[in-house]
Structure formats: C-alpha cells, structure tokens
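**Q** with the input below, show me the fold.
(one chain, ligands or ions: 2)
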Amino acid sequence: MKYRKLAGEDVSVLGFGCMRFPLTDSSDVKTIDKEKSIEMIRYAIDHGVNYFDTAYVYHGEASESFLAEALGDRRKDVKIATKLPTWMVKTEDDFDRFLDEQLKRLKTDHIDFYLLHALDRDRVEKTVKPLKLIEKLNRAKAEGKIKHIGFSFHDDINAFKEIVDMNPDWEFCQLQFNYINTYYQAGLEGLEYAYKKGLNVIIMEPLLGGKLANPAPQVREKLDPSRTPAEWAFDYLWNREEVSITLSGMSLMDNVRDNISYAEKAEINMLSDADLNMLKSARAEFEKIALVPCTKCAYCMPCPFGLDIPGTFEIYNRSATQGVIAASEMYAELPVKADKCRKCKKCESVCPQSIKISQLMEKISADLG
Ligand code: SF4
Ligand code: SF4
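**A** Ligands and ions are numbered 1, 2, ... in the order given. A predicted model of the protein is given here:
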C-alpha cells in the first residue's frame, strides 16, 4: 500500500467508504451483510488500508455502529472519519448531542477526522454560522474528541472558495472529483485552490457511483485496455499531488482486492500526456450520453412512496446506452414506477447532486412507462 499525508498523518491512498456495504435485503439499506462486510474490512486492513470513512446517515444510520463492530480490536490500526449531518442540526446543542452519539456508536474516545457533512452556501448561512459550528469544532478538537477538522462539499466553485476561506483552521476537505467531473461542483479548480490554501484533499465518487468501473461501450472504447476502466479512473486521481486519499465505497470482495492492487501502484505523475488526452476523449463520449448525474449515494432513500430512486435513474440512464426498448423492459420490472411519485420533494432536499428528482420522475414515466 502507498501512503500520503493527510493533516500530518500517514494515510493509505485508498480509503474505505462505508456507505455501500453489501446488503442482505437489497430494498433496505440498513440490512448490512455483516459477514461479507467484515471479511472485506479485515482484508483491507491486512493489506494496508488505514482510513475508513463513514457518516451519521450512511446505511440508514447503521454504518457507524457496524464499523465499530467490524473493527473490534483493529480500531487502533486505522483512522476513522465521520461526519456531522449538518442538515439535521437545528440548535446549538445539537453539535454535542450528535458528536457524543457518534463517539458511542463508534465505541471510541476520539474521531480522527471529523467533517461537516455536505456543506453548501445555504447550509453555511443557515446552520454553520448562526449555530457557531466552527467554534464548536475547535472546542471539540481542544477537548480531544476530534483530532482533525474538515468538511465535505456539494455546491459550485464560488461557494467552495468562500467555505475554504471562511475558516483558517480547516485541515482538509472532501470533494467529488473524477475524470468526468472536472468542471462540476468544486472541480479541478477547487482541487487546486484547496491545495494552494494548505488543505489536504480527499476524493469521493472516484468512479461516479460505479459508472466509470462499468462504462457505456462508447466510453470504454476510448480507454486503453491495458488497464481496467476502474484503474484508469483511480490513476487519474492518484496522478495528482493535491490528492491525499481516494475513497471507494466497495460492495464486493473483488472490488476490495482490485482497488488495493491498483493502490499499490499509485504514484504522483504516473500518467503521460497521452493518457490524460485519452481520458479527456472518454469524458467527451460520456457527456454525450449522460442523462441523470445520479451517483447512487442513496441519501434520498427511503422514498415515503416506495420508489427506488437511484434504481429508476439507473434504468433511465441505460436508455441512452442500451436503447429505449431495453430500458423500458427493465422499467417494467420495477415494483413501484415513476408515476407513483407524489412530488413531496423530501428526496430533493438532501440530494447532493441537486437533481430535480420529482420533475425527472414525470419525464421517466412518460418516456419509459
Ligand atoms: S418527490 Fe417523489 S421520489 Fe422524491 S421522495 Fe417524494 S414521492 Fe419519492
Ligand atoms: S438521486 Fe441524488 S440522493 Fe438519490 S441516489 Fe441519486 S445522487 Fe444520491
């Protein structure tokens, strides 16, 4: 395993994202398949992965407790990152309430890396500033409950720069970035800006919810087959000096094995100009066929009316690559179809990609129903 610096600590270039563990019931994100997941976690630790990224809300709030159970006596061998669910913080007391609950769930006396989760301009103005969350982070750090403070981010580049600049004590940030999303949200400009300002950067969604591991044939054709599509996606990130850790939410033991084997070769400046131009042309193909930028994070689930929101978008996206007839056949198998959306917009208030879910459900129902 290769290691880089994150806030002065040595961390593996591959981080284990704890939001996509295998499930025993695919319709219920709380039903983590513990046996399979523990095997994956233990294998990762034994092969040098020392960074585990969870959050209060992952797996319907089951991820943190499960991670503690899975780590057991290996807690001392790893760094735990978790996040304050900023959209659930309503009063000044909530910060301590959530943090104390997270310490209990994680069965630990400190959290190595603590993030304000999914910051955007609106949350900064309505929650972070009025409820003095930066002061609270610094106080928790002084008390030893948190070792390092940072934030994860979903908004535009201007909001990103404002958030970086609002707090001189940030040590790191977490961005959505990959060879497709170079101009999306913070993008490449944000990555370079954060690094110049002294923040270490963690990358999330390196495979864009799996789309870059199994890309559409038009995209795959552009990629040199000497590496797998997933390997190209990871190498694009590890190639950059600004990147400390690339997170991967792994669901299969094969993913863990493959990603570790890629990480063992990670180097800064490992890609040539020809490689980077090839990835640019793959991006151009991807942009021609992308319909909905859903990353299958499942923050929007459960839908109170039973829709499988990411599953519906996946089928809709396939209509661009496999044709409308094939997608309509898959759509017909969905137990709850897009026309059952009641436009309550509960999902839209938490979607980090700002997808207009209710509008799209209407369109999907018209196109595939
Ligand atoms: S807007 Fe539609 S898809 Fe979203 S939570 Fe409400 S019913 Fe479900
Ligand atoms: S619709 Fe948004 S919140 Fe739901 S899975 Fe997709 S990206 Fe995540």
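
**Q** keeping just the C-alphas, turn stretch 9-16 into PDB.
**A** This file holds the C-alpha atoms of stretch 9-16, laid out as PDB (Å, rounded to 0.1, in the frame of the first residue of the first chain):
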ATOM      1  CA  GLU A   9      -0.900  11.800   9.400                       C
ATOM      2  CA  ASP A  10       0.100   8.900   7.200                       C
ATOM      3  CA  VAL A  11      -2.900   7.600   5.400                       C
ATOM      4  CA  SER A  12      -3.400   4.900   2.700                       C
ATOM      5  CA  VAL A  13      -4.000   6.400  -0.800                       C
ATOM      6  CA  LEU A  14      -7.100   4.200  -0.900                       C
ATOM      7  CA  GLY A  15      -9.800   4.900   1.800                       C
ATOM      8  CA  PHE A  16     -12.700   2.500   2.500                       C
END
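
**Q** contacts for it, please.
**A** Contacts of stretch 9-16 with the rest of the structure, by CB atoms under 8 Å, 6 or more residues apart in numbering, involve 1-5, 41, 44, 48-53, 79, 81, 112, 148, 202, 234, 238, 243-248, 250, 259-260, 262-263, 266. All C-beta atoms are positioned from the backbone trio N, CA, C, and that covers glycine.

**Q** report the buried residues of that stretch.
**A** Going by neighbour count (16 or more other CB atoms under 10 Å), the buried part of stretch 9-16 is 9, 11-16.

**Q** how about stretch 75-90?
**A** When burial is assessed from 16+ other CB under 10 Å, stretch 75-90 yields the following buried residues: 78-87, 89.

**Q** among these, which ones are in strands?
**A** 79-84 (DSSP state E).

**Q** how about residue 294, what does it touch?
**A** Shown in contact with residue 294 (CB under 8 Å, 6+ apart): 209, 309-310, 313-314, 317, 353, 355.

**Q** among the residues you listed, which are within reach of ligand 1?
**A** Intersecting these with the surroundings of ligand 1, defined as CB under 6 Å from any ligand atom, gives residue 309.

**Q** could you flag which of the contacts of residue 294 are buried?
**A** Buried by 16+ other CB under 10 Å: 209, 309-310, 313-314, 317, 353, 355, out of the contacts of residue 294.

**Q** what's the most distant pair in the residues you listed?
**A** The widest separation within the buried ones among the contacts of residue 294, taken as CB to CB, falls between 314 and 353 and amounts to 13.8 Å.

**Q** which positions in the chain make contact with ligand 1?
**A** Proximity of the chain to ligand 1 (CB under 6 Å from any ligand atom) is limited to residues 303-305, 307, 309, 341-347, 357-358, 361.

**Q** can you flag the buried ones in the contacts of stretch 9-16?
**A** Neighbour-count burial (16+ other CB under 10 Å) applied to the contacts of stretch 9-16 gives 3-4, 41, 44, 48-53, 79, 81, 112, 148, 202, 234, 238, 243-248, 250, 259-260, 262-263, 266.

**Q** so which of the residues you listed belong to strands?
**A** Judged by DSSP E, the subset of the buried ones among the contacts of stretch 9-16 located in strands is 3-4, 51-53, 79, 81, 112, 148, 202, 243-248.

**Q** related to what we said a few turns ago, from the buried residues of stretch 75-90, which single one is nearest residue 60?
**A** Here the nearest of the buried residues of stretch 75-90 to residue 60, counting by CB to CB, is residue 85; it sits at 12.5 Å.

**Q** kindly provide the distance from the closest one to ligand 1.
**A** For residue 85, the distance to ligand 1 (CB to the nearest ligand atom, to the nearest Å) stands at 18 Å.

**Q** surely that residue touches residue 98?
**A** Yes: counting by CB atoms under 8 Å, a contact exists between residue 85 and residue 98, whose distance comes to 6.8 Å.

**Q** quick check: buried residues in stretch 188-195?
**A** Counting neighbours by 16+ other CB under 10 Å, one finds that the buried residues in stretch 188-195 are 188, 190-191, 193-195.

**Q** next: stretch 261-280.
**A** 262-263, 266, 271, 275, 278-279.

**Q** check stretch 113-131 too.
**A** Neighbour-count burial for stretch 113-131, counted by 16+ other CB under 10 Å, picks out 113-120, 123-124, 127-128, 131.

**Q** apart from its neighbours in sequence, what residue is nearest the residue of the stretch 151-300 of the chain found nearest ligand 1?
**A** With distances taken as CB to the nearest ligand atom, the stretch 151-300 of the chain approaches ligand 1 most closely at residue 300, which sits 6.5 Å away. Across the structure, with CB to CB, 6 or more residues apart in numbering as the measure, the residue nearest residue 300 apart from its sequence neighbours is residue 347 (3.6 Å).

**Q** what is the burial count for the one you found?
**A** Neighbours of residue 347 under the rule other CB atoms under 10 Å: 20.

**Q** and what of residue 369?
**A** As a burial measure, the neighbour count of residue 369 was computed by other CB under 10 Å and equals 12.

**Q** any idea how far residue 233 is from the residue lying farthest from the centre of the chain?
**A** No residue in the chain sits farther from the centre than residue 325, which is 31.6 Å out by CA atoms, centre = their mean. Residue 325 sits 30 Å away from residue 233, going by CB to CB, to the nearest Å.

**Q** for residue 13, same thing?
**A** As for residue 13, its distance to residue 233 is 14 Å (criterion: CB to CB).

**Q** now do residue 346
**A** From residue 346 over to residue 233 the distance is 32 Å, taken as CB to CB.

**Q** out of the two, which sits in the more crowded spot?
**A** The residue with the greater number of neighbours, taking residue 346 and residue 233 and applying other CB under 10 Å, is residue 233; the counts read 27 against 15.

**Q** gap between that one and residue 199?
**A** From residue 233 across to residue 199, the span is 23 Å (CB to CB).
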